[in-house]
Each structure stands twice: as structure tokens, then as C-alpha cells.
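>>> Predicted model, plus sequence, below.
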2 protein chains.
Amino acid sequence: MFPQHRASLLFSLIIFSVQTGRDCCQKHSITRTMPVQPFSLISWNVNSVRKRLDQLIRVIDRWDPDIICLQELKAGIDMVPVDAIAAAGYEHHAMAAQPGYNGVAILSRLPLTDIETFAWADRQDARHVFARVASTGVGVHCVYVPAGGDVPDRIANPKFDFKLRYLDALADHFAGSYGFRDPMILAGDLNVAPLPNDVWSHTKLKNVITHTEIEIAALERVKRSLNWIDTQRELVGDDDPVFTWWSYRAADWESTNKGRRLDHIWVTPGLKDDIADVEVLTAVRHWSPPSDHAPVRLVLGTNP
Amino acid sequence: MFPQHRASLLFSLIIFSVQTGRDCCQKHSITRTMPVQPFSLISWNVNSVRKRLDQLIRVIDRWDPDIICLQELKAGIDMVPVDAIAAAGYEHHAMAAQPGYNGVAILSRLPLTDIETFAWADRQDARHVFARVASTGVGVHCVYVPAGGDVPDRIANPKFDFKLRYLDALADHFAGSYGFRDPMILAGDLNVAPLPNDVWSHTKLKNVITHTEIEIAALERVKRSLNWIDTQRELVGDDDPVFTWWSYRAADWESTNKGRRLDHIWVTPGLKDDIADVEVLTAVRHWSPPSDHAPVRLVLGTNP
DNA sequence: GTCCCGTTAG
DNA sequence: CTAACGGGAC
């Protein structure tokens, strides 16, 4: 069912620095890479890394990803079980943590460089961490976009306003700090289900947060900032429903299947042809005690 | 190690009503009983009946008591898992519950009568419930005496004052409402360790609540009210340490053994000769997740 | 240390 | 519904 891989990596075949030309103050030195062995990345909103530690180990045992992007750590930096994670083979990590809320981490079998954490839209939330895989230069953004509260109104609901400003800041950052040819992956809980088939009912959710027009437009701006490719839709097209999240409040979440696709893995255009597989690990949503999000797994293969 | 019994009961051999004579308004009709088969009762401060439900079932499976007295239910009446308890064979219960704190219950395989709940010392705490085993007339008091806070000073610490007033009210109730020949059992967390060998250090705990002189005197008054017999000390004497409680805050509670005997099972004088066995079920304190109290088990045998 | 509860957040 | 937190209690 699921292809099994040994720990692998993107080998750099052609390495050259690129200046985008649109920006005089390029932050990162950029590397063009070519995968010769499959490389896999799992993104998962764990809803508490402490409560989900056992399941994280199970995910590792079963899929053995090279990189894991976690969102909603919900633990202060000292409370994240880094020792158990390192013991499971992920000795390298880039993390932004805060007590109780938010928190993102990139876990890696291989050394990471250029680690940065970002706090957008005038709040110190731990929602965005970046790192490059040192050996290949591939950049990884792990992002947890604000949920946005209940009322889809910027003025009545400051959380919704924050969400939209967060997405705008993210778009500005990508447009201003990287080049189109920088090989990067963006993985995370983006808290927006942009397409009709990203929700169980396009009509019924038109006015509920995660599927409103204004959020979809804001996410589209982020996507355009670096011509990001939505790997899931690149592979399966837009015509089939794909969900990664099912509310806790429905006991029969699988039979009713009122899900949404809130978790995404994007790649920059240079990696588009390397997309070998993308899948939602729905099985994990059945494990106990569950996160409300299922992990998403991307496999990058050989570019012939 | 532990004698195993089938569900059993006290058969009434000689049944006659008794008037105490000291009180014109006797509340209960009284029955003199004689056990012909072993009868057992377990008293346990569970520190949340919800968190300890699995362990309660294990206790039942292993010791099969006729009556179970629970303290610190810590659940509102609708939150107590009575269905699971009934499924385990205890279809009859007398309960006083309140959300969050306190809460006592008498669980029984056999029908109960004369159920009463009491709230002493001007507070509506759920700390005392009474019932009679219908078939035998033996009365059972399940009591959770207030802990009393940290400072052993009636004036500085209202909780300590409440504890002492609670014990006084309890003594008055027993003296005023029952006769010496009424066969009754008092089981519960009395939150007092009266004897030197009821604590790990008589000297070090002389001024800590549960072992102060004034509490011991107050408990002694309760004991005298009906000439209650302390079954544990009746059987083992006063010279050996016996503990039923070990603080959560010591990880190595068993090796250091800094315990106290806070949980007691008393009987009225008529049942004294029936005491067959009393034991602290220390094994249960090892189960996970533990209560800080171990259950106490009383067996009443045949009176020849 | 463990548990309840209300609050905040999702 | 699930989770973290802070406060109170033991």
C-alpha cells in the first residue's frame, strides 16, 4: 500500500548560486538540486506533541520520512519531547515553540542550516519556522496559519483580521526574500480549504471560516508569491474531494466524512517534476487518542 | 495471599427491634445480626471515581467485597459512572455527590434501606452517607472528614476549624441518633492518624495536620460516641506501623514509606467479635494511575 | 504529584 | 470534542 523507503536524501547534482534579480538583499544562498533517490516529507498538525508522541513514533516506524513538519506543538520549548524524537532518529530540528498554543517544528534525520523563525502580523506567535537541508540546500517552511475564529468578518472578529494579515505578510515575505528558482517546500496547516472539493460542501461552507472567498484570495496571493505548486492537486487534479481534517465534534467522522483539506504541501516550480506521490494518511486519524488532522505525506522521486 | 469469597451477606439469625432508651425519637429500627458467612467491606478514597473506574473494577474482580465505601468521588451526581459500577455487580448504591470536590458512595450487591446523607458543620459538603443492608439491618456510614488545610490553628485557618467542628458534629450525631447495640460500620477517610504508629514519625508530625493533639482528641470523641471499635488496631494492636496513605509528591513512596493511617473502618461493639480480618490493600497503591490512598478491607466472619 | 474546574483556543 | 493553563484543593 505505502512504498517503504530507507532514509534518503536529495543529492545535489547541479549546484549553482542564483540571484533573483528582483531583490538586492537576497538572504539565502540558493542551490538547484536534483533528487536521485526518493525523498519524503510528512506534515502533521499533531494538536499537542506531548499527547501525540506515541503516534508520532508510530508514523516514523511506518513511513520513515526524511523530514517531518509538525504544527500545534502546544508546549513550551522545554516541554517538547526532543529526546524521544532524537532517539527515534530525528536528531536535527528547527523549532518555534510557546507554552499552550501554536508551535511548529521541522524534524530531520539530516543536519539543517539557515534556521529561522518568523512571527508575522505584529504578534509573537510561534507559527513559522524555516530550515534548509544542509546537504541539498532544499528549503523547508513549516507554517501554522491562524485559524481565524468563528465570525468571517474582519471588523467584528479580530482573529479573522489577524488571519488575513498573516497570509498577506507571508506572501510579502516569500515574494521579497526568495527567488522563483530556490528549491523549497512549504508544508503546514494553512487553515484554508481553497477549492470546492477541499470541503465536504462548497455551498454550505461558503460562509464558514477556512472556505470564504476572502481567505481563498489571500491564500492564492501566497501561492502566487513564488508560483508555489500545490502538490496534492497537481497529482490528483481538482475534481476529487480530498480532506485532511475532520472535526472532533463528530463521533462518526469517517462515515459522515464532513472533512476539509486544511493541510497542504507546496513546492517551488523547480521541484514540480519531482513530485512522485502525495497522500493523506487517513489511517492515522483513527489512532487513539487522535489529532483532528491527518498527516500528509509527499514523496519526491527521480527527475529523469 | 488474599482469601477469596463469593458474594456473601450477613444472615439475620436473631432479629429484634431495640430502643436505646436514651432518646425518645429514635430514627432507625434496629436489628441485631449474626454473621454466618464471611462478609467483606472495602473502603477507598479513590481521588476521582472517573479516573479510578478501571481500578475499581480490578478491586472488585480481585476481592469481591459485599460493600464498597468510596470517598472523594470528585464528580457531580450525573458524572459518576453508575452504569459501569452496576454492570460490575453493584446495582445498589447510596451516594452524596457534588461537582469537583468531596463525594461519598456506598456501593452494594444487596438492596439498601434507610439511606440518608448528612452535611455537618454548616456546609453543604457531600461527605457523609448512611445506608442499611436491607437483609441484615447492619448500618454503614461512609465518611470523608475534611482535610483541614495546612496551618493547625483554628483561628488562623478556617479549614482547620471546620474539620474540628465537623468531627464534633459527627460525634453528636452518633451519640444522639443511634444506640450502642445498633450494629453499624463506619468506614472512610477520617483524615486523622490518631496513634503514634499511624504515622511514619510521631515526633516530626506532632504539629502537622492529621496528627495534632486536638484532632486526635476530636476523633476520640467521635469514637467514644458509640464505643466504636477501630478494627485495624483491634486486630494488629498499637505497636506496628500501619499506613493507608502516601503523598503523591514522593515518587519513591514505598521505599521511604512516609505514610499515614488516615482511612479507618470502625464497628459498633456488637460486631467486635466478628472481626475476622482487616488489611490495607497496598498493592492497589501501585496501580496506575494511582490514588494517594490504598483501600482498606474488613472481613467479618462467623461469631461462634 | 494528581485532580477538578473554568477559561481560552481550535 | 480535545487540549493547555492557572487556581484551588489535597
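Done, it's in. Numbering: from 1, shown residues only, chains lettered A, B, ... in the order given.

>>> So out of everything in the stretch 1-150 of chain A, what residue is nearest DNA strand C?
Scanning the stretch 1-150 of chain A for proximity to DNA strand C using CB to the nearest atom of the strand identifies A:Ala147 as nearest, at 3.2 Å. Any C-beta I mention is one placed from the backbone N, CA and C, and that applies to glycine too.

>>> What distance do you get for that residue to A:Arg261?
To A:Arg261, A:Ala147 is 15 Å away according to CB to CB, to the nearest Å.

>>> Next: A:Pro146.
On the measure of CB to CB, A:Pro146 and A:Arg261 end up 17 Å apart.

>>> Report the spatially closest residue to the residue in the stretch 151-300 of chain A that DNA strand D sits nearest to, excluding sequence-adjacent ones.
DNA strand D sits closest to A:Tyr248 of the stretch 151-300 of chain A, with a gap of 3.2 Å, by CB to the nearest atom of the strand. In this structure, A:Tyr248 finds its nearest non-sequential neighbour in A:Asp292, 5.0 Å apart by CB to CB, 6 or more residues apart in numbering or on different chains.

>>> Who are the contact partners of that neighbour?
When contacts are counted by CB atoms under 8 Å, 6 or more residues apart in numbering or on different chains, A:Asp292 touches A:Asn45, A:Asn47, A:Trp245, A:Trp246, A:Ser247, A:Tyr248, A:Arg285.

>>> Could you rerun that using 10 Å?
A:45, A:47, A:72, A:244-250, A:253, A:259, A:262, A:285 (CB atoms under 10 Å, 6 or more residues apart in numbering or on different chains).

>>> same deal with A:Ala134?
A:Leu9, A:His92, A:Ser108, A:Leu110, A:Pro111, A:Leu112, A:Thr113, A:Asp114.

>>> which of these has the weakest pLDDT?
The pLDDT minimum for those sits at A:Leu9, where the score is 33.

>>> Just the pLDDT for the residue nearest to A:Tyr248.
98.

>>> distance of it from A:Trp253?
From A:Asp292 to A:Trp253 the distance is 9 Å (CB to CB).

>>> so A:Lys272 touches A:Arg181, yeah?
No: counting by CB atoms under 10 Å, A:Lys272 stays clear of A:Arg181, with 12.0 Å between them.

>>> How about the contacts made by the closest residue to A:Arg52 other than its chain neighbours?
Residue nearest to A:Arg52 in three dimensions, not counting chain neighbours: A:Val46, with 4.1 Å by CB to CB, 6+ apart. Shown in contact with A:Val46 (CB under 10 Å, 6+ apart): A:52-53, A:55-56, A:59, A:68, A:70-74, A:103, A:105, A:189, A:291, A:293, A:295.

>>> Let's see that with 8 Å instead.
For A:Val46, counting by CB under 8 Å, 6+ apart, the contacting residues are A:Arg52, A:Gln55, A:Leu56, A:Leu70, A:Gln71, A:Glu72, A:Leu73, A:Ser291, A:His293.

>>> try A:His93
Here A:His93 is in contact with A:Val82, A:Ile85, A:Ala105, A:Ile106, A:Leu107, A:Ser108, A:Leu112 (CB under 8 Å, 6+ apart).

>>> Got the phi and psi for A:Ser108?
The phi/psi pair for A:Ser108 (degrees, to the nearest 10) reads phi -140, psi 140.

>>> Just to check, A:Asn47 is in contact with A:His293?
Yes: the criterion here is CB atoms under 8 Å, and A:Asn47 meets it with A:His293 at 6.8 Å.

>>> what about A:Ile60, how many neighbours?
18 (other CB atoms under 10 Å in any protein chain shown).

>>> Now do the buried residues in the lowest-mean-pLDDT helix or strand in chain A.
Lowest on mean pLDDT, DSSP states H and E among the helices and strands of chain A sits helix A:253-256, with a mean of 94. By neighbour count on 16 or more other CB atoms under 10 Å in any protein chain shown, the buried set for helix A:253-256 is A:Trp253.

>>> Pull the residues that contact the following helix or strand past it.
Proceeding N to C from helix A:253-256, the next assigned helix or strand is strand A:259-260, under DSSP states H and E. With CB under 8 Å, 6+ apart as the test, strand A:259-260 has contacts from A:193, A:198-200, A:205, A:210-211, A:241, A:243-246, A:253.

>>> Averaged pLDDT, the next helix or strand after strand A:259-260. What do you get?
Counting by DSSP H and E, the element after strand A:259-260 in chain order, helix or strand, is strand A:263-267. The average pLDDT within strand A:263-267 is 98.

>>> Could you do stretch A:158-166 as well?
98.

>>> how about it: buried residues?
Neighbour count says stretch A:158-166 has A:Phe160, A:Asp161, A:Phe162, A:Lys163, A:Leu164, A:Arg165, A:Tyr166 buried, by 16+ other CB under 10 Å.

>>> Now the helix or strand hosting the second one - C-alpha only, CSV.
Looking back up the chat, that one is A:Asp161. When elements are assigned from DSSP H and E, A:Asp161 belongs to helix A:158-177. What follows is helix A:158-177, C-alpha atoms only, in CSV (Å, rounded to 0.1, in the frame of the first residue of the first chain):
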residue,chain,number,x,y,z
PRO,A,158,-10.0,40.5,15.2
LYS,A,159,-8.9,36.8,14.8
PHE,A,160,-10.2,36.8,11.3
ASP,A,161,-8.4,40.0,10.6
PHE,A,162,-5.2,38.6,12.0
LYS,A,163,-5.5,35.5,9.8
LEU,A,164,-5.8,37.6,6.7
ARG,A,165,-3.0,39.9,7.7
TYR,A,166,-0.9,36.9,8.5
LEU,A,167,-1.4,35.5,5.0
ASP,A,168,-0.6,38.8,3.4
ALA,A,169,2.6,39.0,5.4
LEU,A,170,3.5,35.5,4.4
ALA,A,171,3.0,36.4,0.7
ASP,A,172,5.2,39.5,1.1
HIS,A,173,7.9,37.5,2.8
PHE,A,174,8.1,34.9,0.1
ALA,A,175,8.0,37.5,-2.7
GLY,A,176,10.6,39.6,-1.1
SER,A,177,13.1,37.1,0.3
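
>>> tilt between the helix or strand following it and strand A:263-267?
Of the helices and strands lying after helix A:158-177 in sequence (DSSP H and E), the nearest is strand A:184-189. Here strand A:184-189 points in a direction 180 degrees away from that of strand A:263-267 (axes from the mean of the first three to the mean of the last three CA atoms, to 10 degrees).

>>> quick revisit: A:Asn47 and A:His293: which is more packed in?
A:His293 (24 against 18).

>>> Show me the beta-bridge partners of the more buried one.
Beta bridges link A:His293 to A:Trp245, judged by DSSP bridges.

>>> Run the chain-centre distance for stretch A:227-236.
13 Å (CA atoms, centre = their mean, to the nearest Å).

>>> ok, and for that stretch, which residues are buried?
A:Trp228, A:Ile229, A:Asp230, A:Thr231, A:Gln232, A:Arg233.

>>> Might you enumerate the residues of the stretch 101-250 of chain A proximal to DNA strand C?
Residues of the stretch 101-250 of chain A that fall close to DNA strand C, judged by CB under 7 Å from any atom of the strand: A:Tyr101, A:Pro146, A:Ala147, A:Gly149, A:Lys159, A:Asn191, A:Tyr248, A:Arg249.

>>> Quick check on these: which are buried?
Those of those that meet the buried threshold are A:Pro146, A:Ala147, A:Gly149, A:Asn191, by 16+ other CB under 10 Å.

>>> show me where the stretch 51-200 of chain A has strands.
A:67-71, A:92-96, A:104-108, A:112-118, A:128-133, A:139-144, A:184-189 (DSSP state E, counting those that start in this stretch).

>>> Listing partners with orientation, what would you give for the second one?
Think strand A:92-96. Strand pairing for strand A:92-96, using DSSP bridges, gives strand A:104-108 (antiparallel).

>>> Only C-alpha atoms, please: export the strand it pairs with in CSV.
C-alpha atoms of strand A:104-108 as CSV (Å, rounded to 0.1, in the frame of the first residue of the first chain):
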residue,chain,number,x,y,z
VAL,A,104,5.9,24.4,14.8
ALA,A,105,8.9,22.1,14.2
ILE,A,106,10.9,20.7,11.4
LEU,A,107,12.4,17.4,12.4
SER,A,108,15.1,15.9,10.3
